[in-house]
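Participant: With the input below, show me the fold.
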Amino acid sequence: MFAMNDRGEWMSSVMRFPAADAADAATGRVPLKPGFRLPSHDLAELLDALGIKLFSRERALVQYVAWSLHTGLLDAVHQRGPVSPREASESTPLTARGAEALLGVLCALALVKRSADGLYSLTATSEDYLLRESPFFIGDQLEAIGFPIPGTYLKQRAGLRNRIWLRLLGLLPIFRYGTRPRIENQHTRNLAACAAAVRTGEFAHADCIVDIAGGSGVFAIPLLLEYPRKRVVLTELPSALPNIRPLLATHGVEDRVELRGMDVFRFPWDIPACDGIFIGNFVHGFDDQRALQVCREAFSRLPAGGTIWLHEMLWNESRDGPLLTALWDAAMKSAGDGGQRTGSEWTSLLQKAGFVETRVIPTHSAFGLVVGRKPGGHVSE
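Facilitator: Now for the predicted structure:
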C-alpha cells in the first residue's frame, strides 16, 4: 500500500494478506484443500504471454530468434527452400537436434511453418523482418541476452569457458535432482495440470496407484484429497525423500503416501502389487529406446487389466505448437537426449510396450494424460 507523506514523497507500508496467514511455515505456500477448485484459466496462456515455462533455466524468447539469426538458420531455410532439421544442419553450425529445437520454437512463434511431411519454411513475417535482403530487416537489433546458445545445439561444442560455466550451474541446488529447490520448482509448474488430471475421473476405479518418479507428490496430493481411501506409493531417488515429506505434510497427506527410494532405470522395480502406474512429466527426458524400457517395465509390473497413465506436455499433431511445449522441447534438447512428443507418438510408444486401448485426454497447460491398458483381466466401468 502506498501513501504520500507530508514532504510529498510516496511511502510504502506492508499490507498483510489473509492468504499469507494460511501458508505453511515449512514451504511458505498455501496448501491445496479437499474439494479444491481448478484454476479458472489455463496456465499455458499466462506463461505463453510471458515467454517462459517455469523451468529453472529460463531463456527469453528473443534469444531463440537471435540464435537462429547468428547461426544462419533462417538464411538456410530461405535459401534451400522447405528443409528438414537435418538439411538445415548441413548449412549451419547447428546439429540436427539443435536445428530441430530452434525450428520448433520459431514454429510456435509463427516465424516458420512446418508442412505435414516435416519440412520447414519461412513465414511472411520472417521474410519481412528477419532476412537481411529485406529493407525492413531488424535482426541486427536483436540480442541474445543471458545464456549463450547451448553447446549441445552446436557441432563444434562450446568452448572451455562455457563448459565450465554450465558445469558450475549444474552444481546449484535448483538444477540437482532431489534437492528442495528443484522439487519445489517441479511442484509449482505441475500442480495445476495434475489437479486437472485427477478431476478427469480416470483414477476413480484404481485402488492402489504407484507414482513413479513422483517428485514433490504433485500428483499424489490432489489424488488423495479427491479420493481419500486410495493407496498411493510414491517412488523417487532416496536423496529426495526427506525433501518430499514436508510438502506432503503441508497438504495433510503424509500418512497416506508410502515413499520408496528407487532408481527408475534399475530393473526390476521394487514396487508393490498395484492396479495402476502413473508417470508424470518424466519420460520425455529420454530417447525412444529408454522411454520404451520404462513403459515395458511398467507393463511387466501391472496385472492383467492394469492401467498406465503418462502425463506429459504434448506437441500438437502438426508439431507447430503450443509455445509452452516448444520451449520445453528446446530445453530438453539442450540438456540431453529427450524431447516432447505428440499424443500419437506417445500412444505408439505404449502400443510397442504391449498396451492396448490407448488414448489421450487433454488436462491443463499443454499437458495430456496418455492412457493404456494391459490386456486381459476385468475392466471396471
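Participant: Only C-alpha atoms from now on, for both contacts and neighbour counts.
Facilitator: OK.
Participant: Counting neighbours, what do you get for the closest residue to Gly321 other than its chain neighbours?
Facilitator: With C-alpha to C-alpha, 6 or more residues apart in numbering as the criterion, Gly321 has its nearest non-adjacent residue at 4.7 Å, and that residue is Ala108. Residues near Ala108, counting by other C-alpha atoms under 10 Å, number 20.
Participant: What's the separation between Ala108 and Pro222?
Facilitator: Using C-alpha to C-alpha, to the nearest Å, one obtains 31 Å as the distance from Ala108 to Pro222.
Participant: just for the stretch 251-381 of the chain, where's the confidence low?
Facilitator: Segments of the stretch 251-381 of the chain classed as low confidence (criterion: pLDDT under 70) are 378-381.
Participant: just the strands in it please.
Facilitator: Ranges of strands within the stretch 251-381 of the chain are 257-261, 276-280, 307-315, 341-342, 356-362, 367-373, based on DSSP state E, counting those that start in this stretch.
Participant: Save those as TSV, and put in mean neighbour count and distance to Arg180 too.
Facilitator: Converted to TSV, those look like this (neighbours: other C-alpha atoms under 10 Å; distance: least, C-alpha to C-alpha, whole Å):
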stretch	mean neighbour count	distance to Arg180
strand 257-261	17	16
strand 276-280	24	18
strand 307-315	26	22
strand 341-342	19	28
strand 356-362	17	29
strand 367-373	25	24
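Participant: so which of those strands gets nearest Gly51?
Facilitator: Of all the strands of the stretch 251-381 of the chain, strand 307-315 sits nearest to Gly51, with 16.2 Å by C-alpha to C-alpha.
Participant: between the closest one and strand 356-362, what angle do the directions make?
Facilitator: Per axes from the mean of the first three to the mean of the last three C-alpha atoms, to 10 degrees, the angle that strand 307-315 makes with strand 356-362 is 50 degrees.
Participant: Strand 307-315 pairs with which strands, and in what direction?
Facilitator: Strand partners for strand 307-315, identified by DSSP bridges, are recorded as strand 276-280 (parallel), strand 341-342 (parallel), strand 367-373 (antiparallel).
Participant: Could you export the strands of the stretch 251-381 of the chain as CSV, including distance to Ser84?
Facilitator: Compiled in CSV, these are given as follows (distance: least, C-alpha to C-alpha, whole Å):
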stretch, distance to Ser84
strand 257-261, 42
strand 276-280, 31
strand 307-315, 18
strand 341-342, 17
strand 356-362, 28
strand 367-373, 26
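Participant: wait, which of those is closest to Val77?
Facilitator: Evaluated over the strands of the stretch 251-381 of the chain, closeness to Val77 peaks at strand 307-315, with 21.9 Å, by C-alpha to C-alpha.
Participant: Show residues contacting that closest one.
Facilitator: Residues from elsewhere that reach strand 307-315 (C-alpha atoms under 8 Å, 6 or more residues apart in numbering): 275-282, 284, 298-299, 321-322, 325-326, 340-343, 365-374.
Participant: Alpha carbons of the helix or strand encompassing Val77, as CSV, please.
Facilitator: Element membership of Val77 [criterion: DSSP states H and E] is helix 73-80. Backbone C-alpha positions of helix 73-80 (Å, rounded to 0.1, in the frame of the first residue of the first chain) are rendered in CSV as follows:
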residue,chain,number,x,y,z
LEU,A,73,19.4,-20.9,-39.6
LEU,A,74,16.8,-18.5,-41.0
ASP,A,75,19.0,-17.8,-44.1
ALA,A,76,19.5,-21.5,-44.7
VAL,A,77,15.7,-22.1,-44.6
HIS,A,78,15.2,-19.3,-47.0
GLN,A,79,17.9,-20.3,-49.4
ARG,A,80,17.3,-24.0,-49.5
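Participant: Please list the residues outside the next helix or strand after that helix that contact it.
Facilitator: Next along the chain after helix 73-80, taking DSSP H and E as the criterion, comes helix 85-90. Contact with helix 85-90 is made by Leu73, Ala76, Val77, Thr95, Ala96, Arg97, Ala99, Glu100, Leu103, Leu119, Tyr120, as judged by C-alpha under 8 Å, 6+ apart.
Participant: Report the mean per-residue pLDDT for helix 85-90.
Facilitator: Mean pLDDT, taken over the full extent of helix 85-90, equals 97.
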